[in-house]
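A.B. asks: I'll drop the sequence and a predicted model, then ask my questions.
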Amino acid sequence: MRGARLGVVLGFVICLLLYTAQVTIQGPAVYPLGPKHVRAVEKDEHGKQGAPTRAGAVHGAPQTKAGAPRGAGTEPGVRAPAWVVFNASSGKADRRRCLRAAPFQFQPLVRKEEFDWRIMSLVQSVRLDGPSGLPMRCDWVVGTRMSHWRKIAPNTAFGDLDAKPRTVFVMTENRQAFHDHILPCLDADERFVLIVGDNDMTTPRQLDVRYRYEPDVKLFSPKAASTTNFKYAAWLAWLRDPRIVHIFVEHLDEKALAKVSPIPVGLNPQEMSRGVMRLSAEDMAKRFTAAPLASRPLKARFMHRIRNGIGQWALRAKTRVACDTKWKDTCVSGAPVHGDGYYHEIAKYPFLICAHGGGIDPNPSLWSALLVGTIPIIERFASDSMYRDLPVVVLQDLPNANLSRGQLQIWRDSLGKMFEGRDHRRVLQRLSSDYWWNQVMSKVHLHATTTPAPMAHR
């Protein structure tokens, strides 16, 4: 009888061990893999484990055609994947073979000094054979503005697949493809900083109304350039993934977390000469020398393109109406000026109204204003904290704001001091690529597990 009991117990233990080995492994060393290998285990608001679901589906979060899941954040009561489990029976794929099988075609990343802008820019709009600006300093670059425009193959990426990257730049259009096809190939001991940008789509919820949410859009199809398939579940997985030590996001549409920082768009080199983009912020300020703020007429300049004035461009249209009506004594509108003339024009006034167009970050107009010693006036958005400690006026409701002479004078007197002496040098430093690259590298070094590689070519 005793022997029978012992046999039953041993049999139960053996079956349990076999089941655990063949079905799932879960724990802190397991990371989100591709759709064929991953399932998310959910917990409800009471902490009870629910049925496994495929990665990417956020239950309890209604989808909207205008963008990503609304209400699919980390608020109380929202159901989202609690962790990710990996099917151990599939074995560990060879890293290089896995990356080679991914739909992206990696090319050597050739860093050319002529495209290493000294003024901050995430916009890769002038180089066909590789990345430019801040992305060019990264180890891997997964997509550029040229691939978004289909001037090069949309699956083009740059970097050495045999090296473990410390910095990875992902063009916003490729977020889900990166999550599904590249992230699963990376080893558990890899550590890197992720930068997302070079597109007007916002992250993680996608608030730019021009890009509809189409979860089943075909990868790299023409339609993929005008829609988004990024799932909020992927974003949540990134936040939990210890391989991704920090995330810098252009057009961040949620408040920054400990692991997430906003990063500005900067200037668009397509709208500038290469010679100007290669100038330092200090040289730019000298090139477009402006009179002291106190000697300029106490008015704000409005110089945006309105386009159709609806949807994504409605804020600009409403602000233009306010400029021409209730602010007519303190606001100057008119047709946009291009090239060097733009900088000379905005330097005539102490304020520049910067209403967002594409995305939610009001750049490059904000960057341009600061370069010539003009105070930008913007509307509050989720990631405006990156402009804290800069001479920027942030308003809750731009078209309905008070832009009286008395209010403009208060702002000019309080913020104008930041364009003088050491404070001015600090402002100009914040506009440089070096400043923002140092922010990235500080996160790399904070979590470094290997000897740091040399920085990108300067």
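C.D. replies: Now that the structure is in, tell me what you want to look at. Numbers count the residues shown, from 1 in each chain.
A.B. asks: how much space is there between residue 178 and residue 234?
C.D. replies: Residue 178 is 9 Å from residue 234, where distance means CB to CB, to the nearest Å. C-beta here means a position set from N, CA and C on the backbone, and glycine is covered the same way.
A.B. asks: So, low pLDDT: which residues of the chain?
C.D. replies: Applying pLDDT under 70 to the chain flags residues 1-93, 449-458.
A.B. asks: domains in it, as residue ranges please.
C.D. replies: 27-90, 95-269+436-446, 281-431 (automatic domain parsing).
A.B. asks: Return the set of buried residues in the host helix or strand of residue 445.
C.D. replies: Residue 445 belongs to helix 433-446 when assigned by DSSP states H and E. By neighbour count on 16 or more other CB atoms under 10 Å, the buried set for helix 433-446 is 433-434, 436-437, 440-441, 443-444.
A.B. asks: Likewise for stretch 230-250?
C.D. replies: 230-238, 241, 243-250.
A.B. asks: Stretch 260-278 now?
C.D. replies: Applying 16+ other CB under 10 Å to stretch 260-278 flags 260-269, 271-272, 276-278 as buried.
A.B. asks: Among those, name the ones in strands.
C.D. replies: 260-262 (DSSP state E).
A.B. asks: Between those residues, which sits nearest residue 394?
C.D. replies: residue 262 (13.5 Å; CB to CB).
A.B. asks: How about the contacts made by the closest one?
C.D. replies: Shown in contact with residue 262 (CB atoms under 8 Å, 6 or more residues apart in numbering): 248-250, 252, 256, 361, 383, 385-386.
A.B. asks: again, 6 Å this time
C.D. replies: Residue 262 makes contact with 252, 256, 383, 386, according to CB atoms under 6 Å, 6 or more residues apart in numbering.
A.B. asks: which of these has the most neighbours?
C.D. replies: residue 252 (29 neighbours; other CB atoms under 10 Å).
A.B. asks: Give me the distance between the closest residue to that one other than its chain neighbours and residue 436.
C.D. replies: Once flanking residues are discounted, residue 252 sits nearest to residue 383: 3.8 Å by CB to CB, 6 or more residues apart in numbering. Distance of residue 383 to residue 436, given as CB to CB: 14 Å.
A.B. asks: Please apply the same query to residue 270.
C.D. replies: 19 Å.
A.B. asks: now swap in residue 206 and tell me
C.D. replies: With distances taken as CB to CB, residue 206 is found 23 Å from residue 436.
A.B. asks: about what we covered before: nearest to residue 173 among the buried residues of stretch 260-278?
C.D. replies: For the buried residues of stretch 260-278, the nearest to residue 173 is residue 265 (15.2 Å; CB to CB).
A.B. asks: Not counting residues beside it along the chain, what's closest to that closest one?
C.D. replies: Excluding the flanking residues, the one nearest residue 265 by CB to CB, 6+ apart is residue 363, at 3.9 Å.
A.B. asks: State the three-state secondary structure for residue 170.
C.D. replies: At residue 170, secondary structure determined by DSSP: H, G, I helix; E, B strand; the rest coil is strand.
A.B. asks: Run a quick neighbour tally on it.
C.D. replies: When neighbours are counted by other CB under 10 Å, residue 170 registers 28.
A.B. asks: which residues does it contact?
C.D. replies: Per CB under 6 Å, 6+ apart, neighbours of residue 170: 142, 178, 196.
A.B. asks: what sits opposite it in the beta ladder?
C.D. replies: residue 142, residue 196 (DSSP bridges).
A.B. asks: Show me the strands in the stretch 151-300 of the chain, by range?
C.D. replies: 156-158, 167-171, 192-197, 212-213, 227-228, 244-249, 260-262, 300-301 (DSSP state E, counting those that start in this stretch).
A.B. asks: Thanks again, I'm all set now.
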